[in-house]
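1. here's a sequence, model it:
(chains A and B)
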Amino acid sequence: EAQVTQNPRYLITVTGKKLTVTCSQNMNHEYMSWYRQDPGLGLRQIYYSMNVEVTDKGDVPEGYKVSRKEKRNFPLILESPSPNQTSLYFCASSSPPGNTGELFFGEGSRLTVL
Amino acid sequence: ILNVEQSPQSLHVQEGDSTNFTCSFPSSNFYALHWYRWETAKSPEALFVMTLNGDEKKKGRISATLNTKEGYSYLYIKGSQPEDSATYLCAPSPGGADGLTFGKGTHLIIQP
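-> Numbers count the residues shown, from 1 in each chain, chains lettered A, B, ... in the order given. Prediction:
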């Protein structure tokens, strides 16, 4: 089954404790992206990757890092989480890159930073 | 970041009625427009990807039109059913290295 898998789905952590949200897709997609969803705001792009070893900032990259060492994986790293990073996070992938290829979304990761 | 407006923000529709809502976006530098359906407690799912002015796409009872010259797209739902209750997101893209900019969505509730 074609899917995008995120882990963890739910996480409560404390300020400053590094965490990683993993994302893996099994569709051999070149393009992968991270979004955050906050009340009253649309989905906002954090980082995206056009292919292996190619990453770039989205609209709200501050406080986040990503890596793309393999085509299937695109982890989101919060080196020092802060309460304003409490949000619902979605990973997505597509082929061709997101402009004309429909995005396939993971199930979301709800993060709370205390 | 593109200025994307979706209206209305929320909509209550009686089961069996037809409805439509709007996505407005800058008409300059248009490349593609996406529509997604997002049901509560699930992840967004693609409905349509549209690129051509005047394009019309259909999936079952749901259809969409695109006007790139004036910068808007309509999503229509014919004969609404309870399973149509969801938030509908549109996302235009100017192309190139720029990705999608999502609107805040139209929250549709179908009342039995």
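2. now A:Arg44: how far from chain B?
-> Counting by Cβ to the nearest Cβ, to the nearest Å, the gap between A:Arg44 and chain B amounts to 8 Å. C-beta coordinates here come from the backbone N, C-alpha and C atoms, glycine included.
3. centroid residue for chain A?
-> To find the centre residue of chain A, average its C-alpha atoms and take the closest one (Cα atoms, centre = their mean): that gives A:Trp34, at 2.9 Å.
4. do the helix or strand encompassing that residue and chain B meet at all?
-> With secondary structure defined by DSSP states H and E, A:Trp34 is part of strand A:31-37. Yes: Strand A:31-37 is in contact with chain B by Cβ under 8 Å from any Cβ of the partner chain, via A:33, A:35.
5. quick check: what element follows that strand along the chain?
-> Downstream of strand A:31-37, the first helix or strand assigned by DSSP H and E is strand A:44-51.
6. for the record, mean pLDDT for that next one?
-> Taken as a whole, strand A:44-51 carries a mean pLDDT of 93.
7. next: stretch B:33-51.
-> 94.
8. low-scoring stretches of the chain, by residue?
-> Going with chain A. Low-confidence regions of chain A, defined by pLDDT under 70, span residues A:98.
9. I was after chain B.
-> Short version for chain B, where the test is pLDDT under 70: B:96-98.
10. strands of that one, residue ranges please.
-> Counting by DSSP state E, residue ranges of the strands within chain B are B:5-7, B:10-14, B:19-24, B:32-38, B:45-50, B:56-59, B:62-67, B:72-77, B:86-93, B:106-111.
11. how big is the angle separating the fifth one from strand B:86-93?
-> So that's strand B:45-50. In this structure, strand B:45-50 runs at an angle of 40 degrees to strand B:86-93, with axes from the mean of the first three to the mean of the last three Cα atoms, to 10 degrees as the basis.
12. and strand B:45-50, what other elements does it pack with?
-> For strand B:45-50, the helices and strands in contact under the criterion 3 or more Cβ pairs under 8 Å, 6 or more residues apart in numbering or on different chains; DSSP states H and E are strand B:32-38, strand B:56-59, strand B:62-67.
13. again, but for the shortest one
-> With contacts taken as 3+ Cβ pairs under 8 Å, 6+ apart, strand B:5-7 sits against strand B:19-24, strand B:86-93.
14. over to the fourth one?
-> Applying 3+ Cβ pairs under 8 Å, 6+ apart, we find strand B:32-38 packed against strand B:45-50, strand B:72-77, strand B:86-93.
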